[in-house]
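**Student:** what follows is a predicted structure for the sequence shown.
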Amino acid sequence: MRPDSKRWVFVILAAIATLVGCAGRGKVQTAAPMSSGGSIITIEAGNYKFSPHEIRVAKPGLLAIEVKNVSGSEQNFTLKDLHGKILKSVYPHPGGSVIVNVELPEPGVYTFYCDKAFHSSLGMHGQIIVGR
Ligand SMILES: [Cu+2]
(Lines give C-alpha, C1' and ligand atoms only; values in the text may rest on other atoms or scores of the structure.)
Protein backbone atom coordinates (compact mmCIF):
# COMPACT_ATOMS: atom_id res chain seq x y z
CA MET A 1 0.00 0.00 0.00
CA ARG A 2 1.27 3.50 -0.76
CA PRO A 3 1.82 5.71 2.31
CA ASP A 4 -1.04 7.92 1.09
CA SER A 5 -3.62 5.16 0.99
CA LYS A 6 -2.49 3.90 4.43
CA ARG A 7 -3.21 7.37 5.74
CA TRP A 8 -6.73 7.26 4.29
CA VAL A 9 -7.41 3.86 5.85
CA PHE A 10 -6.46 5.39 9.21
CA VAL A 11 -8.72 8.42 8.66
CA ILE A 12 -11.67 6.20 7.71
CA LEU A 13 -11.10 3.88 10.70
CA ALA A 14 -10.90 6.90 13.00
CA ALA A 15 -14.18 8.23 11.54
CA ILE A 16 -15.89 4.87 12.12
CA ALA A 17 -14.52 4.74 15.69
CA THR A 18 -15.94 8.22 16.31
CA LEU A 19 -19.36 7.25 14.94
CA VAL A 20 -19.49 4.05 17.02
CA GLY A 21 -18.37 6.03 20.08
CA CYS A 22 -21.21 8.52 19.65
CA ALA A 23 -23.77 5.72 19.85
CA GLY A 24 -22.78 4.96 23.45
CA ARG A 25 -23.42 6.95 26.60
CA GLY A 26 -20.51 9.25 25.87
CA LYS A 27 -17.86 10.02 23.37
CA VAL A 28 -14.75 8.06 22.47
CA GLN A 29 -11.98 10.08 20.88
CA THR A 30 -8.42 9.49 19.75
CA ALA A 31 -5.80 11.99 20.93
CA ALA A 32 -4.24 13.89 18.03
CA PRO A 33 -0.51 13.31 17.51
CA MET A 34 1.72 16.40 17.77
CA SER A 35 4.78 16.98 15.59
CA SER A 36 6.87 17.13 18.80
CA GLY A 37 6.04 13.48 19.45
CA GLY A 38 3.33 13.63 22.11
CA SER A 39 -0.44 13.78 21.72
CA ILE A 40 -3.11 16.35 22.51
CA ILE A 41 -6.76 16.14 23.49
CA THR A 42 -9.47 18.49 24.82
CA ILE A 43 -11.82 17.16 27.49
CA GLU A 44 -14.96 19.05 28.44
CA ALA A 45 -16.04 18.89 32.06
CA GLY A 46 -19.81 19.30 32.06
CA ASN A 47 -22.50 18.59 34.60
CA TYR A 48 -21.57 15.15 35.96
CA LYS A 49 -19.83 14.02 32.82
CA PHE A 50 -16.63 14.31 30.85
CA SER A 51 -16.67 14.47 27.05
CA PRO A 52 -14.98 12.53 25.62
CA HIS A 53 -15.09 10.05 28.50
CA GLU A 54 -12.83 7.57 26.70
CA ILE A 55 -9.60 8.68 25.07
CA ARG A 56 -7.35 6.51 22.95
CA VAL A 57 -3.66 7.32 22.74
CA ALA A 58 -1.56 5.49 20.14
CA LYS A 59 1.50 4.92 22.33
CA PRO A 60 3.12 5.85 25.65
CA GLY A 61 4.56 9.36 25.98
CA LEU A 62 3.55 12.93 26.69
CA LEU A 63 -0.14 13.77 26.60
CA ALA A 64 -1.31 17.38 26.72
CA ILE A 65 -4.88 17.59 28.00
CA GLU A 66 -6.92 20.78 27.89
CA VAL A 67 -9.62 20.43 30.53
CA LYS A 68 -12.42 22.88 29.73
CA ASN A 69 -15.04 23.53 32.37
CA VAL A 70 -18.25 23.97 30.34
CA SER A 71 -20.54 23.61 33.37
CA GLY A 72 -21.78 26.44 35.52
CA SER A 73 -20.03 25.22 38.66
CA GLU A 74 -16.64 24.20 40.03
CA GLN A 75 -15.27 20.95 38.64
CA ASN A 76 -12.16 18.86 39.10
CA PHE A 77 -10.09 16.58 36.88
CA THR A 78 -8.00 13.94 38.67
CA LEU A 79 -5.89 11.47 36.70
CA LYS A 80 -4.43 8.31 38.21
CA ASP A 81 -1.59 6.12 36.99
CA LEU A 82 -1.85 2.36 36.43
CA HIS A 83 -1.14 1.71 40.13
CA GLY A 84 -3.80 4.06 41.52
CA LYS A 85 -1.43 6.92 42.32
CA ILE A 86 -2.68 10.43 41.51
CA LEU A 87 -0.69 11.93 38.63
CA LYS A 88 -2.53 15.26 38.34
CA SER A 89 -5.48 17.01 39.94
CA VAL A 90 -6.71 20.36 38.63
CA TYR A 91 -9.71 22.64 39.21
CA PRO A 92 -10.75 24.53 36.07
CA HIS A 93 -13.14 27.35 36.97
CA PRO A 94 -16.57 27.62 35.29
CA GLY A 95 -16.01 28.85 31.74
CA GLY A 96 -12.24 28.41 32.06
CA SER A 97 -9.72 25.75 31.17
CA VAL A 98 -6.49 24.25 32.50
CA ILE A 99 -3.74 22.56 30.47
CA VAL A 100 -2.46 19.34 32.00
CA ASN A 101 0.83 17.99 30.64
CA VAL A 102 1.33 14.44 31.73
CA GLU A 103 3.74 11.65 30.91
CA LEU A 104 1.98 8.31 30.41
CA PRO A 105 4.97 5.99 30.58
CA GLU A 106 3.46 2.61 29.75
CA PRO A 107 0.55 1.08 27.82
CA GLY A 108 -2.63 0.51 29.81
CA VAL A 109 -5.84 2.07 31.11
CA TYR A 110 -5.45 5.31 33.08
CA THR A 111 -8.57 6.44 34.92
CA PHE A 112 -9.75 9.97 35.59
CA TYR A 113 -12.62 11.41 37.61
CA CYS A 114 -13.98 14.52 39.30
CA ASP A 115 -13.25 14.63 43.05
CA LYS A 116 -16.26 16.84 43.93
CA ALA A 117 -18.73 15.08 46.24
CA PHE A 118 -20.87 12.55 44.35
CA HIS A 119 -19.78 13.74 40.88
CA SER A 120 -17.86 10.56 40.04
CA SER A 121 -20.69 8.27 41.11
CA LEU A 122 -23.10 10.36 38.99
CA GLY A 123 -20.99 9.57 35.94
CA MET A 124 -18.16 12.08 36.04
CA HIS A 125 -15.31 9.70 35.25
CA GLY A 126 -13.53 8.22 32.27
CA GLN A 127 -10.42 6.52 30.99
CA ILE A 128 -7.39 7.06 28.81
CA ILE A 129 -6.34 3.93 26.96
CA VAL A 130 -2.70 3.97 25.92
CA GLY A 131 -1.64 1.50 23.26
CA ARG A 132 1.74 -0.10 22.64
CU1 LIG B 1 -17.53 17.40 38.84
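**Tutor:** Sure thing, it's come through. Numbering: from 1, shown residues only.
**Student:** do I have it right that His53 meets His125?
**Tutor:** Yes. Here His53 lies in contact with His125, judged by C-beta atoms under 8 Å, at a distance of 7.3 Å. (Glycine included, C-beta is placed from N, CA and C.)
**Student:** if you count what's nearby, which of the two comes out ahead?
**Tutor:** His53 (20 against 17; other C-beta atoms under 10 Å).
**Student:** all helices of the chain, in order?
**Tutor:** 3-23 (DSSP state H).
**Student:** residue numbers of it in contact with the ion?
**Tutor:** Contact residues, the chain versus the ion (C-beta under 5 Å from the ion): 75, 114, 116, 119, 124.
**Student:** buried sites along stretch 111-118?
**Tutor:** By neighbour count on 16 or more other C-beta atoms under 10 Å, the buried set for stretch 111-118 is 112-114.
**Student:** quick revisit: now the residues of the chain next to the ion in TSV, with pLDDT?
**Tutor:** As requested, the residues of the chain next to the ion are exported to TSV (pLDDT from 0 to 100):
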residue	pLDDT
Gln75	98
Cys114	98
Lys116	97
His119	97
Met124	98
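**Student:** about what we covered before: out of the buried residues of stretch 111-118, which are inside strands?
**Tutor:** Judged by DSSP state E, the buried residues of stretch 111-118 include 112-113 as members of strands.
**Student:** ok, so of the buried residues of stretch 111-118, who is nearest the ion?
**Tutor:** Cys114 (3.1 Å; C-beta to the ion).
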